[in-house]
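A.B. asks: next input, structure requested:
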Amino acid sequence: MLALILADGFTENKDDTINLWRAGLDEYRVTAFPATMQLHLLIRIELEPEDVRPLHWVQIRVLQAGHEVLPWQRMPISISKRDVEGRARVNMMSNLGFTSIEAGEGMIEASFDDIGLPLLRFRVTSTP
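C.D. replies: Numbering: from 1, shown residues only. The predicted model follows:
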């Protein structure tokens, strides 16, 4: 099971639950370009017992208005905690900062252990 969500912010609780603020964002309004963008991405991954290993990899990149604004970032994830059935879950919270030079569609590409995850699309517009 997997979830990818953009939000204004989030915190993780000790019991692996997450508090999200304004989750599900897909449009960002700015007053002028270039604009400093700060996207908060949550990737929640749940693994079956046979898929759990001590080390996994997540890769993320951001494209916006036809430009690669944040190149591929590869991050290791260590998974050690399992539930009583042997499944494991991890909440990966990333703050993605980049400069938007113009209005336009954007997308976040991500992979988990070299398996492509669904594209997460967003839009940057200027306020009137």
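A.B. asks: for the rest of this, base every contact and every neighbour count on C-alpha atoms.
C.D. replies: Noted.
A.B. asks: in the sheet, who's paired with H67?
C.D. replies: Q64 (DSSP bridges).
A.B. asks: run a quick neighbour tally on it.
C.D. replies: Look at H67: counted by other CA atoms under 10 Å, it has 13 neighbours.
A.B. asks: tell me the pLDDT at it?
C.D. replies: Listed pLDDT for H67 reads 94.
A.B. asks: residue nearest the centroid of the protein?
C.D. replies: In the chain, the C-alpha nearest the mean C-alpha coordinate belongs to L41, at 3.2 Å (CA atoms, centre = their mean).
A.B. asks: who's in contact with it?
C.D. replies: L41 makes contact with 4-7, 93-96 under the criterion CA atoms under 8 Å, 6 or more residues apart in numbering.
A.B. asks: ok, those residues vs Q59, which is closest?
C.D. replies: Nearest to Q59 among these, counting by CA to CA, is S94 at 11.3 Å.
A.B. asks: hang on, isn't that closest one packed against V58?
C.D. replies: No. In this structure, S94 is not within contact of V58 by CA atoms under 8 Å, at 11.0 Å.
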